[in-house]
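Peer 1: missing the sequence, but the structure's below:
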Ligand code: NAP
């Protein structure tokens, strides 16, 4: 029989997290005249980004935060975009700033990210926050890996030290910060990527397996250690239109002790963690607890 907690329901988990955030935002009203504010800048008309920004705005308002949305044309210059960021850095109603990626090719993503005040960098992409994460200093951490860590701890408990963790993928937004978070928790971490030989040799030793590659159903049953916690970050749209992860869910189901589905696993946690980061930034900036 399937363990009732085997499937990690990211939708329910995210809903629960948003409820906790909403309760905290409400409680903060008695301590501060201000409320947390999140500003999102969207450049151009990428349909996926537009959907993401719409969902984010809706959820920001639902948890009682103030939502600021700025839409800029595809033709906006890097200078104009950075001027808007500087304005938001100085806006005392704004505690979190997110620039929706990807940006048009004529704009340097790193220049834009580095223009955001580190204290308001709720995506956790600024070099200062990355450095803090590497040094094990409490900081604003990228939302997707943060959500993955919360789900792992929910199932395995707060103390995951000593576990073997394998992360497949070494992108700056998912793989690397995920590996760093697990390392900071005392896991023995291996990072696999496109140049890794015989990935299966590593994954079959993993108590925790996080996959963030972008290749549909890449991870099969014989890659997974019996009883592993499997977190699938991948979002792939098949020709049929169906969404699928990087892990072959049905094939790996029996072998895993815990597993995230796609959709409905990691995905919903990303926005919830963005709100958690905005609340954290607010408390730090306004010095309230
Ligand atoms: P990315 O920047 O394209 O990075 C992919 C990583 O996978 C790279 O490190 C790459 O290795 C590695 N890789 C590629 N082919 C491989 C192979 N055959 N074997 C092993 N490793 C391989 O992607 P990303 O931004 O990290 O995103 C990964 C996936 O997660 C995508 O499906 C994306 O849509 C999804 N995602 C989901 C969320 C969410 O909220 N759920 C958020 C972000 C991303 P190299 O570095 O060696 O090239």
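Peer 2: Nice, thanks for sending it over. All figures in this text were calculated on a predicted structure; none of them were measured in a lab.

Peer 1: dihedrals phi and psi, residue 253?
Peer 2: The phi and psi torsions at residue 253 (degrees, to the nearest 10) take the values phi -60, psi -50.

Peer 1: surely it touches residue 259?
Peer 2: Yes: with contact defined as Cβ atoms under 8 Å, residue 253 reaches residue 259; the gap is 6.3 Å. All C-beta atoms are positioned from the backbone trio N, CA, C, and that covers glycine.

Peer 1: who's more crowded, the two?
Peer 2: Taking other Cβ atoms under 10 Å, residue 253 and residue 259 do not tie; residue 259 has more neighbours (24 against 17).

Peer 1: what does that one show for phi and psi?
Peer 2: phi -150, psi 140.

Peer 1: same thing with residue 277?
Peer 2: Note on residue 277: backbone dihedrals following degrees, to the nearest 10 are phi -70, psi -40.

Peer 1: contacting residues for the closest residue to it other than its chain neighbours?
Peer 2: Nearest non-adjacent residue to residue 277, counting by Cβ to Cβ, 6 or more residues apart in numbering: residue 122, 4.1 Å away. Counting by Cβ atoms under 8 Å, 6 or more residues apart in numbering, residue 122 touches 38, 96-98, 140, 143, 274, 277-278, 281.

Peer 1: what's the closest of those to residue 265?
Peer 2: residue 143 (14.4 Å; Cβ to Cβ).

Peer 1: from the ligand, how far out is the closest one?
Peer 2: Separation of residue 143 from the ligand (Cβ to the nearest ligand atom, to the nearest Å): 8 Å.

Peer 1: residue 272 too?
Peer 2: From residue 272 to the ligand the distance is 10 Å (Cβ to the nearest ligand atom).

Peer 1: pLDDT of whichever strand or helix holds that residue, averaged?
Peer 2: Here residue 272, judged by DSSP states H and E, is contained in helix 267-286. Mean per-residue pLDDT for helix 267-286: 97.

Peer 1: which parts of that helix are buried?
Peer 2: Residues of helix 267-286 classed as buried by neighbour count (16 or more other Cβ atoms under 10 Å): 267-283, 285-286.

Peer 1: quick one: contacts of the host helix or strand of residue 152?
Peer 2: Assigned by DSSP H and E, residue 152 belongs to helix 143-156. For helix 143-156, contacts defined as Cβ under 8 Å, 6+ apart pick out 5, 8, 10, 13-14, 17, 122-124, 160, 163, 173-174, 177-178, 181-182, 185, 207-208, 210, 212, 229, 231, 233, 257-258, 260, 265-266, 269-274, 276-277.

Peer 1: neighbouring contacts of stretch 90-98?
Peer 2: Against stretch 90-98 from outside (Cβ under 8 Å, 6+ apart): 34, 36-41, 56, 66, 68, 85, 88-89, 116-117, 120-123, 274, 277-278, 281-282, 285-286.
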